[in-house]
Structure formats: C-alpha cells, structure tokens
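Peer 1: Here's a sequence, model it:
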Amino acid sequence: MGLAIRFRGVTKAFAGVPALRDVTFDVRAGEIHALCGENGAGKSTLIRILGGVWPAGSYVGGLHVHGERVAFRSVSHAERAGIAVIHQELALVPAMSVAENVLLGREPTRGGIVARREMREIAAAELRGLGGGIDPSATVAELGVGRQQLVAIAKALQRDARILVLDEPTSALTDAEAGKLLDLLRTLRSRGVTIIYISHRLDEALAVADRVTVLRDGECVGTWPTEKLSAGKLVREMVGRHVTQVRRRARTSATDGRPALSVRGWGVRTRDGAVRVRDVSFEARRGQVLGVAGLMGSGRSELLLSLFGAWPGAVDGDMWLDGVEATIRRPADAVAHGLALVAEDRRGQGLVLGMSVGHNLTLAALRGLSRVGFVRRGRDATEARGLVERLAVRTPTLATPVRQLSGGNQQKVVVGKWLLTRPSVLLLDEPTRGVDVGAKAEIHALVRSLADEGAAVIMVSSEAPEIMAMSDRVLVMREGVVSTTFDDIDGLAEADIAAAAISQDQVTAAP
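Peer 2: Presented below is the predicted three-dimensional model:
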C-alpha cells in the first residue's frame with residue numbers, strides 16, 4: 001500500500017506561539033486514518049495546511065501527496081490535487097437544492113444556460129452511491145444533519161476527491177445516523193478513497209479507523225494500529241495524564257432546591273405556524289441539573305431558545321422565576337432576569353467571531369464592568385484574564401480573535417462569558433458537542449460547581465451517558481411534548497431514556 005499523504009517536520013506558529021511543532025507522520029492510500037487530540041492540540045491547523053487554507057510559505061516543513069511534494073497556495077489548489085476537507089460547519093447553501101450544492105461551480109450547461117435536468121441526474125447518480133435516498137430537487141434546508149453530511153460528501157466526490165478529511169462528522173448526529181455514516185466511510189475505503197477522520201468520539205474512531213495518530217500540544221505523539229489501542233490508552237496519549245471518566249452526579253434531594261424556573265403550558269411555533277413545542281410544563285430547581293433528552297427534532301433546542309427570548313416565532317405559556325411571574329420577549333429581558341444561554345450553534349449564536357477572546361468573555365457583563373457608560377478597560381482585562389485561567393482556555397493572548405481558537409476552546413469561551421453575570425438559571429444546549437475528553441471533564445466540573453453554588457441548570461444533550469452522569473432529574477421530549485419525566489434517576493438506564501424518546505405515549509415517572 002502506497003502513501004497518500006506524508007507530513008514531514010511541519011511547524012507553524014501564530015503571533016510567535018507554536019501551533020504545530022515538527023509534526024511528522026504518514027497516511028496510507030486507501031485507509032481510514034483517525035487524527036485525535038485535545039482541543040488546541042493542532043489538528044485543525046494541520047488539516048488547514050493540507051486543505052490549502054494556510055498556504056505554502058506560512059509554515060515550515062514538507063507536505064507530500066501521492067509521492068509528490070506539494071505547495072498548495074489556496075483551497076482550490078488543494079481541491080485540484082484531489083483533497084476535500086469537510087468541516088464540522090458544513091459548507092452548504094441551505095436555500096439551494098441538493099443538486100445545486102453538489103455541482104456548485106461545476107454546473108453542466110447548454111448554450112450558456114444551466115442544464116438543470118442533467119444536473120439533477122448527475123447529482124442523483126452520485127447520491128445513489130452513498131445511499132440515503134436523497135431527492136436531488138429538495139433544498140438542503142429540508143434535510144436533517146445526517147443527510148446534509150451525505151450531500152457534502154457527494155459534493156466532494158463530484159470534484160474527484162481521492163482524499164477526504166472529515167472534521168467531527170458525527171457530532172450532531174444520532175447514534176443511528178452516525179452508524180450509517182461509519183458504514184459509508186468503510187464503503188468509500190473499499191473504493192480506494194483515503195479518509196482522515198477527526199472525532200472526539202473515541203469509540204467511533206477505534207471502530208472505523210485502520211490507524212490512529214495522536215497530537216498533543218502541537219506535537220505528534222505517535223501512530224498506532226487501532227488493534228493496539230484501547231480507549232483508555234488513547235485518552236492517556238491524548239492528554240498526557242489520567243482523565244477520570246464521567247460518573248453519575250451525586251444527587252441533591254428534591255427538597256433541597258426550590259424552583260428557580262417554573263413553566264406551564266409552554267408552546268413554540270415557527271413563523272409559518274408549524275408547532276415545535278406544545279403544552280410543556282416543568283420545574284428547574286436551584287442546586288440541581290435538569291437533563292433534557294430526546295431525538296434530534298424533538299423540540300429540545302426550540303424549548304431553550306424560547307425560554308431565553310431568542311426564538312423568532314410565536315411563544316405562549318406561563319413562566320415564573322423564583323415564584324414571580326415573568327415575561328421574556330427578547331434575550332435582554334432574559335439576561336436581566338438572571339438567565340443565561342449556551343446555544344448549540346456556538347459560532348452563530350454564542351460568539352462574535354471578529355472580536356477578541358477577551359472581549360467575548362466579558363461581553364455579557366459589560367453593564368457591570370462600566371461606569372457612566374464607559375467600559376473600565378483595566379477591570380475588563382482583569383476579569384477576562386481570570387476567566388481564561390479558570391477555564392484553562394488555550395489562547396496566545398486575550399487579543400487573539402476568537403475565531404482562531406479550536407472548537408473546544410471556543411466552547412469554553414461561550415460558557416465562560418456567562419460566569420460574570422452569575423446566572424440563576426443556566427440553559428445549556430449540547431455544551432460538550434465537538435469537545436475533547438479533557439475539555440468535556442472541565443466543562444462538566446464547571447456545570448456541577450454552578451449548580452452547587454445554587455444555580456438551576458437545564459442541560460440538553462444527545463449523549464445518554466452524559467445526561468445520566470450530570471442530571472439530578474431527567475425530562476425526555478418527543479415530537480415537541482414531554483414524553484417522560486424521571487424525578488428518581490436511581491437505577492435509570494440508557495435503554496429507559498431511549499424508550500422514552502421513541503414512545504408514542506406520554507408518561508410521567510412518579511417522583
């Protein structure tokens with residue numbers, strides 16, 4: 001088996017701070033090669049070099065593709081060499097059709113006019129090879145995340161990509177969707193496609209990859225055949241230390257926490273009247289974590305956005321905060337009432353990407369950091385620096401644009417920006433999505449500490465083990481309604497949550 005990619009002594013720094021140090025390893029042609037490491041380990045920087053985002057001359061070292069030394073000047077240059085990078089945030093146009101996305105920039109024409117029937121036929125043929133039964137005429141916005149992944153892969157293959165790089169491809173997928181994607185990757189491998197697979201779901205990496213390379217602090221720790229690795233050894237190589245696995249949270253007695261948030265008859269509709277949440281009632285108690293489980297599309301995210309006043313459609317129902325009826329029509333109202341939201345879309349709804357790390361960290365608390373309308377810069381910097389240290393955010397400086405951080409460090413900033421507001425109710429939507437094992441443990445510890453300090457935490461997660469480990473009580477949603485509420489989680493199993501998520505009947509477990 002020949003080599004598809006060879007990295008030799010690759011080194012890159014930002015503002016004098018090394019992101020990669022002398023990285024050397026090979027990827028064989030026709031293999032699935034997992035690239036693992038904590039957030040900030042250098043994975044994103046390395047694949048941006050391979051994908052032409054960071055052009056030749058901006059880094060030191062050599063890059064060979066299929067035996068030839070290359071010096072990519074741009075993304076299109078890398079694509080012409082058969083390399084396609086599919087990022088966690090998919091580069092698709094939601095309002096356009098599947099066929100238009102698959103052939104974007106390569107549309108067949110007749111007499112200068114796009115041949116739409118031929119375009120649909122080409123896209124349909126490409127998609128048939130991937131499975132999924134996707135209609136090429138459907139708009140991308142109509143598809144779930146799993147099918148959007150297939151469209152992105154079809155788009156790459158249509159460009160004759162022989163090397164696919166997938167960055168956290170299953171982070172927003174259900175277990176069933178993730179399983180189908182892994183099967184597809186195995187099929188593509190059998191066709192000779194080389195795949196670099198980046199994921200913090202280590203069980204998936206070990207299940208699908210032929211070999212695994214680990215980066216730590218910008219350096220290559222080593223490469224192993226997957227049969228030589230266990231999940232425990234892989235974690236130790238990634239973090240350089242032992243990481244305690246998530247254990248079930250020590251429960252707070254239900255009588256210890258008074259309701260910080262009570263909701264009755266809550267309903268959420270889109271602008272065109274489609275129901276997303278209907279007749280939901282629950283309490284979130286101080287000092288406790290209320291886990292919210294359910295399949296994608298069950299209304300979990302819509303519930304949190306509407307509670308925070310960030311839902312663009314209609315909302316009805318009644319809300320009480322610490323026993324006092326409250327009306328929240330916009331996020332500013334929510335913040336004034338002591339609510340905080342860590343949204344699932346951290347880049348679109350949690351960060352101002354053009355601003356610095358420091359300014360993002362203090363953005364939600366500017367009122368408290370200001371005097372007569374002017375921000376006290378000294379205190380602003382002091383508070384931001386304290387948060388960076390508390391959260392172990394890996395950043396060269398406070399002035400570094402937050403878009404330059406890894407996904408996990410961006411997530412720490414999203415969570416950290418609310419700490420200065422001292423929220424009484426913290427809404428978390430997939431707070432550890434796309435986060436490595438070390439950062440996940442740190443975020444879990446932070447959430448626990450906020451609950452222990454008296455906040456009420458509502459946490460949405462697609463990972464049943466995380467829900468079980470972190471929650472004092474669990475609410476399961478299905479098709480916009482509460483399917484089951486587990487007030488007593490002793491003896492609760494993953495199968496119980498899964499059954500409640502797909503149950504046709506609404507059931508409330510007895511306290």
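Peer 1: How are the strands of the stretch 401-511 of the chain distributed by residue range?
Peer 2: For the stretch 401-511 of the chain, the strands defined by DSSP state E, counting those that start in this stretch cover 425-429, 456-460, 473-478, 481-486.
Peer 1: same check, this time on the stretch 151-300 of the chain
Peer 2: Under DSSP E, counting those that start in this stretch, the stretch 151-300 of the chain gives strands at 163-167, 194-198, 211-216, 219-225, 259-269, 275-285, 289-294.
Peer 1: Report the residue spans of the stretch 51-200 of the chain with pLDDT below the cut-off.
Peer 2: Low-confidence segments of the stretch 51-200 of the chain (pLDDT under 70): 132, 172.
Peer 1: ah, wrong one, I meant the chain
Peer 2: Using pLDDT under 70, the flagged stretches of the chain are 1, 132, 172, 241-257, 372-373, 375, 502-511.
Peer 1: And it, split by domain according to the record?
Peer 2: For the chain, automatic domain parsing gives the domain ranges 3-239, 260-338+423-511, 351-420.
Peer 1: Output those domains in JSON lines, with distance to Asp345 and mean neighbour count appended to each entry.
Peer 2: Where C-beta positions appear, they are placed from N, C-alpha and C, glycine not excepted. Shown next, in JSON lines, are these (distance: least, Cβ to Cβ, whole Å; neighbours: other Cβ atoms under 10 Å):
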{"stretch": "domain 3-239", "distance to Asp345": "9", "mean neighbour count": "18"}
{"stretch": "domain 260-338+423-511", "distance to Asp345": "9", "mean neighbour count": "19"}
{"stretch": "domain 351-420", "distance to Asp345": "10", "mean neighbour count": "18"}
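Peer 1: Just put the ones you listed in a markdown table and tack on distance to Glu344.
Peer 2: Listed next are the domains of the chain as a markdown table, based on distance: least, Cβ to Cβ, whole Å:
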| stretch | distance to Glu344 |
| --- | --- |
| domain 3-239 | 8 |
| domain 260-338+423-511 | 4 |
| domain 351-420 | 10 |
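Peer 1: quick one, what contacts the nearest residue to Leu369 once chain neighbours are set aside?
Peer 2: Sequence neighbours aside, Asp380 is the residue nearest to Leu369 in space, at 5.1 Å (criterion: Cβ to Cβ, 6 or more residues apart in numbering). Contact analysis of Asp380 by Cβ atoms under 8 Å, 6 or more residues apart in numbering lists 358-359, 362, 366, 369.
Peer 1: again with Gly131
Peer 2: With contacts defined as Cβ under 8 Å, 6+ apart, Gly131 is in contact with 150, 180, 184.
Peer 1: Can you name every helix or strand that the helix or strand hosting the first one contacts?
Peer 2: Read that as Leu150. Under the criterion of DSSP states H and E, Leu150 resides in helix 145-158. If contacts are counted by 3 or more Cβ pairs under 8 Å, 6 or more residues apart in numbering; DSSP states H and E, helix 145-158 sits against strand 83-86, helix 98-102, helix 116-128, helix 175-190.
Peer 1: make it 10 Å
Peer 2: If contacts are counted by 3 or more Cβ pairs under 10 Å, 6 or more residues apart in numbering; DSSP states H and E, helix 145-158 sits against strand 83-86, helix 98-102, helix 116-128, strand 163-167, helix 175-190.
Peer 1: can I get these in a markdown table with distance to Leu261?
Peer 2: A markdown table is the format used below for these (distance: least, Cβ to Cβ, whole Å):
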| stretch | distance to Leu261 |
| --- | --- |
| strand 83-86 | 39 |
| helix 98-102 | 40 |
| helix 116-128 | 44 |
| strand 163-167 | 36 |
| helix 175-190 | 30 |
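Peer 1: List just the one of these that sits closest to Arg264.
Peer 2: Arg264 sits nearest to helix 175-190 of all the helices and strands packed on helix 145-158, at 32.8 Å, using Cβ to Cβ.
Peer 1: Only alpha carbons, please: show that closest one as CSV.
Peer 2: Taking C-alpha atoms only, helix 175-190 is exported to CSV below (Å, rounded to 0.1, in the frame of the first residue of the first chain):
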residue,chain,number,x,y,z
ASP,A,175,-26.3,7.1,17.1
ALA,A,176,-28.2,5.5,14.2
GLU,A,177,-27.1,8.3,11.8
ALA,A,178,-23.5,8.0,13.0
GLY,A,179,-23.6,4.3,12.4
LYS,A,180,-24.8,4.7,8.8
LEU,A,181,-22.0,7.3,8.2
LEU,A,182,-19.3,5.0,9.5
ASP,A,183,-20.6,2.2,7.2
LEU,A,184,-20.4,4.7,4.3
LEU,A,185,-16.8,5.5,5.2
ARG,A,186,-15.9,1.8,5.1
THR,A,187,-17.6,1.6,1.7
LEU,A,188,-15.6,4.5,0.4
ARG,A,189,-12.4,3.0,1.8
SER,A,190,-13.1,-0.2,-0.2
